[in-house]
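Novice: Got a predicted structure here, sequence first:
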Amino acid sequence: MRIAVIGGGPGGLYFAALVKRRQPEHQVTVWERNAPEDTFGFGVVLSDETLGGIEEADPELYAELAAGFARWDDIDVHLPGGQVFTSGGHGFAATSRRRLLGLLQERCRVLGVELRFQEEAPPAAELARSHDVVVAADGVRSRTRAAAAEVYRPELDERHCRYIWLGTDLVFDAFQFHVLRTEHGVMQLHGYPYSDAGSTVIVEMREDVWRRAGLDRMDEQESVAACEKLFADTLRGHALRGNDSRWIAFTTVRNVTWSDGTTVLLGDAAHTAHFSIGSGTKLAMEDAVALADALHTHASVPQALAAYEEERRPVVASTQRAAQASLEWFENLEQYLDQPGWQLAFNLLTRSRRITHDNLRLRDPGYVAEAEQEFAAAGTPPMFTPFRLRGLTLRNRVVVSPMDMYSAQDGLPDDFHLVHLGSRALGGAGLVMTEMVCVAPEGRITLGCTGLWNDEQRDAWARITGFVHERSGAAIGLQLGHSGRKGATKLMWEGMDDPLPAEQAWPLVGPSPLAYRPDGGQVPAALTREQLGELKEQFVAAARRGAEAGFDLLELHCAHGYLLSSFLSPLANRREDEYGGPLENRLRWPLEVFDAMRAVWPGDRPMTVRISATDWAEGGNDTEEAVVIAAAFAAHGADAIDVSTGQVVSHERPAFGRSYQTPFADAIRNRVRVPVIAVGAVSSWDDVNSLLLAGRADLVALGRPHLYDPAWTLHAAAEQEWSGPGVEWPVQYAAGSRRPQTGRRL
Ligand SMILES: Cc1cc2nc3c(=O)[nH]c(=O)nc-3n(C[C@H](O)[C@H](O)[C@H](O)COP(=O)(O)OP(=O)(O)OC[C@H]3O[C@@H](n4cnc5c(N)ncnc54)[C@H](O)[C@@H]3O)c2cc1C
Ligand SMILES: Cc1cc2nc3c(=O)[nH]c(=O)nc-3n(C[C@H](O)[C@H](O)[C@H](O)COP(=O)(O)O)c2cc1C
C-alpha cells in the first residue's frame, strides 16, 4: 500500500510508525510543513490507559517514552484568599512535546517512513490519486477538512475564554489550579510538570476579562510579562517563557463523518477536547493505534476506515462530553466564587463528571472525609442529610420526580396511584411528588391524567397523603398544572403527544394561536384576559384542595411547554399585550398565578416551581432567561426551583447525556442563590452525592430510576452500607435489607 500522511504532529507520526511497523512493505510518507525541531506547546499529559495502549502497540517506543516521564499524584487547588486544597492519588504522567515528537520522528526513521519536513503537503484530493490511503492528521485547522467540508460537515464551536500556552523552569510537584480574583475579573492558571526541568503553564480567562485586562493588545513578550506579574506568587520568582505563544479561543471540533473515500481524518482534525482534561495528544495517539489496527485487519480500505470510525467515535464523544462540561465550568467559574473554599475545590475536581465523590474517595479518603465533614459529617453520604424548606424538613435529598401515569378515570386517583406513590414513599425517598395534577378537565394532557377540580378528587388524594404520612417517613408534594396547547393527546403508550381523535378532543388554549405540533396539531385559542382570570381561580381552588388533602409541598408546573411554560417561552408566546413580548411581560401571568396560590397555600408549607431552563431551540429561552425566571419566582416566595429543560417546542434539539440538565440547576443555584432540585439522567447515587457535595444542587429528583426500582433510595443506602439516619428500612422489610445473591450458588 502507498500511504500518505498529512501532518507530522503526534497523531500523524505515531500512525506512520505503527502502520510501517506492522507491514514494512507499505510505503508511508509524512508531510510536515515545519522543521523537525519546531514545536508549539510544552508538555503533554498521558494517562496510564494511553500508555498501556502504546506499550501494547509499540513496546520499543513505550520503553523509550516511559524512561523520561514526569510522574505525580496530587492536584493542588489554590483559591483567592490563599486557601489551598490538595487531593491525592490521581496518577499523572507527562513528557515534553518536543521529546515526544523527537522520539516519534526517530521511530519513523528507524522503521523506514519517509519524512518530508518543511514541505507543504499536496492537497488530499491530489494525494488520493497516487495513494491507497490519505491520512489527514493536519491539526485543528485542517485544510483537508475545509476543502471537503460538504462531506465531513464539520461543526466548529469557538468558545468564550482566551488562553495561552507557556512554559516555566519551575518544576511543580502537583497539578496546579490557581484561581485569581483581579480587578478585571477572574483568571485561572493550569500548570503541570513535564520533566525535571520545567512545567507547562496555561493562563485562561473569559474574553471580556482578557479585554479589560488589556491582554488583547499585547504581543507575546508583553503577555508573558503580564502573566508573570499576575501569577508572581504561584511562580515563586521563576520566569515564564513563550514558544510562539498566542492567546487562543478554544474551538471544539466535531465532524459528521471522518472519511471521504480513501481519505480519513485523525486527531485534532477530526475532533478536539478542551485542554483542561488533558486529552488532545492522547486522543490523537489512540486514533493512530485504532487506524493502524483497522488497516491491518480489514480487507478493504473503506471497511477499515468504517471500523476505525466505529471504534473511535463513542470514545471521542464521551471524552468530548467531559471536556465540554469542564470548559463550561471554567467559563462560568465566577459564579462559584462565593462557595466555601472546600466546596469550590470539590466542585472543581468533579467538574467534568468523570471524577465523582466515590472515586475521589478511593483516590484520597482523607480529602473526601474532610469535605463531608464540612457538608454535614465525615462518613455520611451527602444524600442522607436532611433538608429544610420552610416548616418542612425532608429526611434526605432524594426526590421522586413527578411522573404522569395516565391511569385515572375522570381525573380521580385510585388504587393504582395509592400503590404507585405509596410504594415509592416506602422506598426511602425524602420527597415523593405526584404527577402533574390538572386544575380543570380541559387542563389535562390525556384522558388518563389526574385532577383536583372537585372534592371527590381531593378526598381520593387525602387517602394517599394519609398513607404516606402514616406509613412512611417521606413527605408528599403536589404538582399542579394545566396542559395548555399540549392537551388533548393520547395516552403515552398509545402515541406520545399524538392528538386525540376529534370526537374525544377538547378545544385547546394557549398564550397565542400557535400549535405545538405544526404538522397538523390543533391550534389553540389565545386566552382572553377574562379567561386568564378564570384559569387563575382554577389554580387557586386546586391549591386550596391540595392543602386540605394534606400535601406537604406544592409545585407549580411551569415547564415542558404546558400552559404556564408556554407563557414563559418566546417561541410559544407571541402576545402583544402585557403578558407577551419581553421576558418581564411573559413572566407576568405565571407570577400572578403563583402569588394567588401562595396566598391560599399554608404559610409554613413550601412552594416550588418547575421550569424548563432551556427550550433547546434557536430563539427560545436559555440559561440567561432561566436565571431571570428563577430569580423572579424566588423573589415572589418560591422556596426552591425544580430545574428541568425542554419539551416546549417540537423542533427542540436537546443535548442528552448523563446529568445533562444539571448545569442549568447549578447556574440557577449559584447565581440566584435559591435552593434547586436537579433532575434528568442522574444515573447513580454516586452522582447524587457528587452534585450535592459540589454545591450544584440541594435536592436531586430521579424519575425513570424510580420506575425501575421503587426502593431506589433504600437500595442506594444498602449499597453504601449506610443504615441511617436519613433513611430507614420499613420494619416490615428489614429482613430484606441486604442485596440478595444473584446467580446460582452451590
Ligand atoms: C499552541 C498549542 C499548544 C499546545 N500545547 C499542548 C501541550 O503543551 N500539551 C498537550 O497535550 N497538548 C497541547 N496542544 C494540543 C495538542 O497539540 C493537540 O491536541 C495534539 O497535538 C493533536 O495532535 P495532531 O497530530 O492531531 O495535530 P497537531 O499536533 O496539531 O499536528 C498537526 C501537524 O500538521 C502540520 N500540518 C498541517 N497542515 C499541513 C500541511 N498542509 N502540510 C504539511 N503539514 C501540515 C502542522 O504543522 C502540525 O505539525 C496544543 C495546541 C496548540 C494549538
Ligand atoms: C413516564 C413519565 C412521566 C412524566 N410526567 C411528568 C409530569 O407529570 N410532570 C413533570 O414535571 N415531569 C414529568 N416527567 C419528567 C420527569 O419528572 C423527569 O424530569 C424526567 O423523567 C427526567 O428525569 P429522569 O432522567 O430521572 O427520568 C415524566 C417522566 C416520565 C418518564
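Specialist: Looks like it arrived, so ask away. Residues are numbered from 1 along each chain as shown. Ligands and ions are numbered 1, 2, ... in the order given.

Novice: Near ligand 2, which residues of this protein are found?
Specialist: 401-404, 435-436, 479, 557, 559-560, 610, 644, 679-682, 702-705 (CB under 6 Å from any ligand atom). The way it works is simple: take the backbone N, C-alpha and C, and place the C-beta from them, glycine included.

Novice: Recalculate using a threshold of 8 Å.
Specialist: 401-405, 433, 435-436, 445, 479, 481, 492, 555, 557, 559-560, 610, 642, 644, 661, 679-682, 701-707 (CB under 8 Å from any ligand atom).

Novice: Whichever of those residues end up buried, select them in ChimeraX.
Specialist: To isolate the buried members of the residues of the chain next to ligand 2 in ChimeraX, using 16 or more other CB atoms under 10 Å:
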select :401,402,403,404,405,433,435,436,445,479,481,555,557,559,560,610,642,644,661,679,680,681,682,701,702,703,705,706
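
Novice: Just the ones of the residues of the chain next to ligand 2 in helices?
Specialist: 492, 704, 705, 706, 707 (DSSP state H).

Novice: which of these are the two that sit furthest away from each other?
Specialist: Pairwise distances among those were taken by CB to CB; the largest, 17.8 Å, belongs to 492 and 705.

Novice: gap between the two ends of stretch 252-270?
Specialist: End-to-end distance for stretch 252-270: 10 Å, by CA to CA, to the nearest Å.

Novice: now check that stretch, is it near ligand 1?
Specialist: Yes: using CB under 8 Å from any ligand atom, stretch 252-270 comes into contact with ligand 1 via 266, 267, 268, 269, 270.

Novice: Residue 117 bridge partners, please.
Specialist: residue 32 (DSSP bridges).

Novice: Find the nearest non-adjacent residue to residue 208, please.
Specialist: Among residues not flanking residue 208 along the chain, residue 185 sits closest, at 6.8 Å (CB to CB, 6 or more residues apart in numbering).

Novice: At which residues are the helices of the stretch 51-200 of the chain located?
Specialist: 59-67, 97-111, 124-130, 143-147, 149-152 (DSSP state H, counting those that start in this stretch).

Novice: can you put the ones you listed in TSV and add mean pLDDT and distance to ligand 1?
Specialist: Formatted as TSV, those follow (pLDDT from 0 to 100; distance: least, CB to the nearest ligand atom, whole Å):
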stretch	mean pLDDT	distance to ligand 1
helix 59-67	88	14
helix 97-111	95	5
helix 124-130	97	9
helix 143-147	98	5
helix 149-152	98	15
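
Novice: In a markdown table, list those along with distance to residue 259 and mean neighbour count.
Specialist: Listed next are the helices of the stretch 51-200 of the chain as a markdown table, based on distance: least, CB to CB, whole Å; neighbours: other CB atoms under 10 Å:
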| stretch | distance to residue 259 | mean neighbour count |
| --- | --- | --- |
| helix 59-67 | 26 | 15 |
| helix 97-111 | 23 | 20 |
| helix 124-130 | 11 | 16 |
| helix 143-147 | 11 | 19 |
| helix 149-152 | 8 | 14 |
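
Novice: can I get those helices in a markdown table with distance to residue 309?
Specialist: Output for the helices of the stretch 51-200 of the chain, formatted as a markdown table (distance: least, CB to CB, whole Å):
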| stretch | distance to residue 309 |
| --- | --- |
| helix 59-67 | 25 |
| helix 97-111 | 23 |
| helix 124-130 | 17 |
| helix 143-147 | 14 |
| helix 149-152 | 11 |
